[in-house]
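K.L.:
Give me the fold of what follows.
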Amino acid sequence: MSSASHLLCRALLALAAAAPAFAQIKPTITDTITLSAYADNWCAIFVNGRLVAVDAIDFIPHNQISVRILPEYPLTIAVLAKDNAAPASGLEYGNKIGDAGFILKLGDGTVSSASWKAKSFFRGPANRDVNRPTVERTPLPAGWHLPGFDDSGWERATEYTSERVRPDGDYVAEAFTGAKFIWTSDLDLDNTVVFRTTVPAPPGWVKRWNTTPDLDVTQLPVEILAGTTAPSGGTAGQLANLSTRAFVGAGDNVLIPGLVISGSSPRRVLVRAVGPGLSAFGVTGVLADPTLSVFRGTTEIASNDNWQTQNNSQAVATAAVESGAFALAAGSRDSALVLTLEPGAYTCRVSGSGNTTGVALVEVYLLP
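P.N.:
Numbers count the residues shown, from 1 in each chain. Below you'll find the model as predicted:
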């Protein structure tokens, strides 16, 4: 090695020895803050685009959430909150209009209040008519949970008293000192609501750590859906059949389930009201002669009493085979319709001929 090269190596070694070593500072539990939340009835909470908490109990009891988060300011909080409401009618427990509410507090002093933004995406019964309920739906916009999403056109949240929300379950008021219950301006009819707020750094706050995680959980929703395969002839997440069995009374106590046709194209459906056909499955006290009517809003678009008395009885039998539904007995007094429905909300009314009562099964099948 030449003397010049030797001197250069010695100089580089000296510089390396003199340079301070990079100090890797990891966050600790003392850097975290507590997030407490309570929803009537359910919520999922995102912070800076990451899912940090999900209510593990759908609606009973109303469940208080407490988790620790690592704050990095500005801190964007986005909450998807849902009341207990049937998707087709907006009603809970069959024929009741429910209420709602959400409250949150962070360990840095951030609290839910009227300064937050709020927007409803599912409303019902839109006409407050529990006998013929209709619903209004708006798809959640892409990126609603991310920082930078434009919520400037959203309304401010409305504050409510605890007496109006009536929290129960394991709700502890002391965990939410200074926070307000919030929702949209309609606590009763708005059933799916998104809240958003952005929190600046508290005075004097300095990020103490200089490391970042190596794992990436931002693609969690995509990873979960990646394991979902579409059924033959359908699309992933598409509902092909729904049904409900209930006691059908007389007068205002008839059975009124609902359905929603989404998308932009008409769809063929098989709708059935089965009473006598349940006897073959050991069900007792069945509705002997169910009648079936389908409404869009307050307009009746089709009805049937005894499935083989209508002109398309062969279409009903064929649709049962296509959809995998059990066959209705020839000559039975079960009712059924094959319909092509435009996108929108519909209700089905099942009653007993001659004001008779009993147990009936209402079914809706999506047809090819």
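K.L.:
Run a quick neighbour tally on Ser351.
P.N.:
Counted with other C-beta atoms under 10 Å, residues neighbouring Ser351 total 25. Quick note: C-beta positions are derived from backbone N, CA and C, even for glycine.
K.L.:
ok, now Asp55?
P.N.:
Per other C-beta under 10 Å, the neighbour tally for Asp55 reads 20.
K.L.:
Pretty sure Val79 sits against Phe102.
P.N.:
Yes - using C-beta atoms under 8 Å, Val79 is in contact with Phe102, at 6.5 Å.
K.L.:
list residues touching both of those two?
P.N.:
Residues touching both Val79 and Phe102 (C-beta atoms under 8 Å, 6 or more residues apart in numbering) are Ala37, Cys43, Phe195.
K.L.:
thinking again about what came up before, of Val79 and Phe102, who's got more company?
P.N.:
Using other C-beta under 10 Å as the criterion, Val79 and Phe102 rank with Phe102 on top: 29 against 24.
K.L.:
Which secondary structure elements does the helix or strand containing the more buried one sit against?
P.N.:
Per DSSP states H and E: Phe102 is located in strand 101-106. Applying 3 or more C-beta pairs under 8 Å, 6 or more residues apart in numbering; DSSP states H and E, one finds that strand 101-106 makes contact with strand 33-40, strand 75-82, strand 181-183, strand 190-199.
K.L.:
now those as JSON lines including distance to Phe281?
P.N.:
Formatted as JSON lines, those follow (distance: least, C-beta to C-beta, whole Å):
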{"stretch": "strand 33-40", "distance to Phe281": "37"}
{"stretch": "strand 75-82", "distance to Phe281": "33"}
{"stretch": "strand 181-183", "distance to Phe281": "42"}
{"stretch": "strand 190-199", "distance to Phe281": "33"}
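K.L.:
now for these, which one comes closest to Thr212?
P.N.:
Judged by C-beta to C-beta, the one of the helices and strands packed on strand 101-106 that comes nearest to Thr212 is strand 75-82, at 16.3 Å.
K.L.:
What pLDDT is listed against the residue nearest to the spatial centre of the chain?
P.N.:
In the chain, the residue lying closest to the centroid (C-alpha atoms, centre = their mean) is Lys82, at 5.9 Å. In this model, Lys82 is scored at 92, pLDDT.
K.L.:
so who does it touch?
P.N.:
Per C-beta under 8 Å, 6+ apart, neighbours of Lys82: Ala39, Asn41, Trp42, Cys43, Phe122, Asn191, Thr192, Val193.
K.L.:
Would you write out the PyMOL command that picks the buried residues out of the residues you listed?
P.N.:
The buried residues among the contacts of Lys82 can be selected in PyMOL (16 or more other C-beta atoms under 10 Å) with this line:
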select buried, resi 39+41+42+43+122+191+192+193
